[in-house]
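*Asks:* Fold the following.
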Amino acid sequence: MSDDLRQDVHSILDFVSDNLYLNRPDLEVAEREYNAALLMSVLTGLIGGKALIVGEPGLGKTTSAEYVGSLLYRIPLGTVWEAEVSGHPEQTEEKIVGRPDLGQLNQGNEAVIWSGFAVLPIKIVDEINRLPETKQSLILNGVDRGNWTYLNQIVVNDEYALFATANYQDRGTNTIVPPLMDRFDVMVESKHPGPNLAWMIGTGESMQNKLRDPDREREIQMCLAEENGLSRLDDILDGYGKDLQESLKVPTFGRAERAQVRDAAMSLPFDTDASALMRTFLAELTFCCKFGQKRSNEVCDECCHYKGYLSYEVRGGVSNRFPVSVRRYAQALAWLNGRNSVDIEHLRVVLPYAAAHRIQWREDVNRVEETDSRSDCYPIHRARDAVKHVVRRYSEQSDLIKSALGTASRIFEGEALTPVEGEHPLYREIFRDLGIEDSKRIG
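*Replies:* Below you'll find the predicted structure:
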């Protein structure tokens, strides 16, 4: 069954690439080429993640998410369009969350007609950085926990995926507030497909019209407006998916299929090297020998002992959401590749997209310049460079690092051993976990 689902995911990737979102492959994983924006969008849909898609206007940021959402959640494309939230300064809570049911209010009853954005499992915010900070807060808690409140009513999403798009900064954009930015599992760039593919776009009948189903779209609208209409929603979506598979010969995913993928992916373990590399990366992002940990309001001075590590280059650490994002996406990627465990290669792929929007770099430390030759937008390029250097440092002392972690684990279990010492911040973190602040105090 897992092999069939894996093949279905690749069929969806191929169908979207060939017919809906023309693109160049820019990522190779397990000897297979992918387009990063499309791959990360599909993984987001499968595991119920949150993706921020950046890029120039008109390069398919929103449409790629719409197609992926339609196929992975069996939602008619017109319904996906209707449920989208547009980023603009005048956006209202009624459009984002819901509005009062005036008929019920006239009878003295408090009831809510929920928006498609709040209820449907695919949530798309178009040009999120055009929302003022006050409007961003309207979706912050909802996208974090899947709980949406209006008046005294609440709707809870037991399953959902969020896609948000953002153009590059201009006079009409706002800063995405850090708490909301941290909720995104990955940030990926939708790139120009090149002149040949760009010239082909729009030359034939648009395949997107074949993802429409006006009758079911109207039926879904009625469900959203009815007090108990949501109970009929799954049957409508399953019917749409069945018709789509027959007409386009492309697989679609229902609730059961998505659950099987998530269960299979989340059961995959990290091999020893992947686990040790992840701890090495986290140590460099969070450790500070002077202040105890990285904080956004404290900056290391130039005589820092760990000047050659990310610890010196970053301003502030990362939250505990970061390793959760890396774990889930790396496991999903390993599952898609048919692997029995997550290895370093999967981390190499996922880490730049999970870290690019979360790392705050010191302005006075620019080892990677914005003017450097590159194929990614600067935040992803710089994160990729950081991952490359951490992987190199890990590979140079992987045996010692694994020995240090293994020895510490045995000490925790009660064995009388001496902790392994080394220069990397990870060793210092191990000493802290053992209750030893300074390695010189050992013995």
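
*Asks:* okay, CA-based contacts and neighbour counts for the rest of this
*Replies:* Noted.

*Asks:* Helices of the stretch 51-200 of the chain, start to end?
*Replies:* Under the criterion DSSP state H, counting those that start in this stretch, the stretch 51-200 of the chain contains helices at 61-73, 77-83, 93-96, 102-106, 116-119, 133-145, 178-183, 195-200.

*Asks:* Please name whichever of these is nearest to Ser319.
*Replies:* Closest of these to Ser319 is helix 178-183, at 7.7 Å (criterion: C-alpha to C-alpha).

*Asks:* so what does that closest one touch, helix or strand wise?
*Replies:* helix 133-145, helix 321-336 (3 or more C-alpha pairs under 8 Å, 6 or more residues apart in numbering; DSSP states H and E).

*Asks:* Only the buried residues of it, if you could.
*Replies:* Within helix 178-183, the residues that qualify as buried are 180-183, counting by 16 or more other C-alpha atoms under 10 Å.

*Asks:* The helices and strands packed on helix 178-183 into TSV, with extra columns for mean neighbour count?
*Replies:* Listed next are the helices and strands packed on helix 178-183 as TSV, based on neighbours: other C-alpha atoms under 10 Å:
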stretch	mean neighbour count
helix 133-145	16
helix 321-336	22
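
*Asks:* JSON lines for these, including mean pLDDT and distance to Ile430?
*Replies:* JSON lines is the format used below for the helices and strands packed on helix 178-183 (pLDDT from 0 to 100; distance: least, C-alpha to C-alpha, whole Å):
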{"stretch": "helix 133-145", "mean pLDDT": "84", "distance to Ile430": "31"}
{"stretch": "helix 321-336", "mean pLDDT": "98", "distance to Ile430": "18"}
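
*Asks:* Adding distance to Tyr160, write the ones you listed out as CSV.
*Replies:* Shown next, in CSV, are the helices and strands packed on helix 178-183 (distance: least, C-alpha to C-alpha, whole Å):
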stretch, distance to Tyr160
helix 133-145, 9
helix 321-336, 15
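
*Asks:* Compare the ones you listed and give me the one nearest Asp364.
*Replies:* Among these, helix 321-336 comes nearest to Asp364, with 24.6 Å by C-alpha to C-alpha.

*Asks:* give the contact list for Ile380.
*Replies:* For Ile380, the contact set (C-alpha atoms under 8 Å, 6 or more residues apart in numbering) comprises 187-188, 352-353, 355-357.

*Asks:* any idea how far stretch 215-231 is from the chain center?
*Replies:* Relative to its parent chain, stretch 215-231 has a centroid offset of 29 Å by C-alpha atoms, centre = their mean, to the nearest Å.

*Asks:* follow-up on the earlier one: which one of the helices of the stretch 51-200 of the chain has the poorest average confidence?
*Replies:* When the helices of the stretch 51-200 of the chain are ranked by mean pLDDT, helix 102-106 comes last with a mean of 76.

*Asks:* distance between it and the chain's centre?
*Replies:* Here helix 102-106 is found 40 Å from its chain centre; the criterion is C-alpha atoms, centre = their mean.

*Asks:* got the CA positions of it in PDB?
*Replies:* Only the C-alpha atoms of helix 102-106 are listed here, as PDB (Å, rounded to 0.1, in the frame of the first residue of the first chain):
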ATOM      1  CA  LEU A 102     -28.200  37.300  10.300                       C
ATOM      2  CA  GLY A 103     -31.300  35.000  10.000                       C
ATOM      3  CA  GLN A 104     -30.400  33.300  13.300                       C
ATOM      4  CA  LEU A 105     -29.600  36.700  15.000                       C
ATOM      5  CA  ASN A 106     -33.000  38.000  14.100                       C
END
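
*Asks:* For that helix, which outside residues touch it?
*Replies:* With contact meaning C-alpha under 8 Å, 6+ apart, helix 102-106 is reached by 110-111.

*Asks:* Let me see the confidence value for Lys440.
*Replies:* We have a pLDDT of 46 for Lys440.

*Asks:* ok so, going back, now the buried residues of helix 178-183 as JSON lines including distance to Asp273?
*Replies:* Formatted as JSON lines, these follow (distance: C-alpha to C-alpha, whole Å):
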{"residue": "Leu180", "distance to Asp273": "32"}
{"residue": "Met181", "distance to Asp273": "29"}
{"residue": "Asp182", "distance to Asp273": "26"}
{"residue": "Arg183", "distance to Asp273": "27"}
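
*Asks:* of all those residues, which comes closest to Gln7?
*Replies:* For the buried residues of helix 178-183, the minimum distance to Gln7 (C-alpha to C-alpha) is 29.9 Å, reached by Arg183.

*Asks:* Can you name the residues that contact that closest one?
*Replies:* Contact partners of Arg183, counting by C-alpha under 8 Å, 6+ apart, are 50, 143-144, 321.

*Asks:* out of these, who's nearest Gln260?
*Replies:* Here the nearest of those to Gln260, counting by C-alpha to C-alpha, is Lys50; it sits at 19.3 Å.

*Asks:* How many neighbouring residues does the closest one have?
*Replies:* By other C-alpha atoms under 10 Å, 26 other residues sit near Lys50.

*Asks:* what bridges to it?
*Replies:* Leu162 (DSSP bridges).

*Asks:* residues in contact with His346?
*Replies:* Neighbours of His346 in contact, by C-alpha under 8 Å, 6+ apart: 29, 330, 333-334.

*Asks:* Kindly recompute the last result at 7 Å.
*Replies:* For His346, the contact set (C-alpha atoms under 7 Å, 6 or more residues apart in numbering) comprises 330, 333-334.
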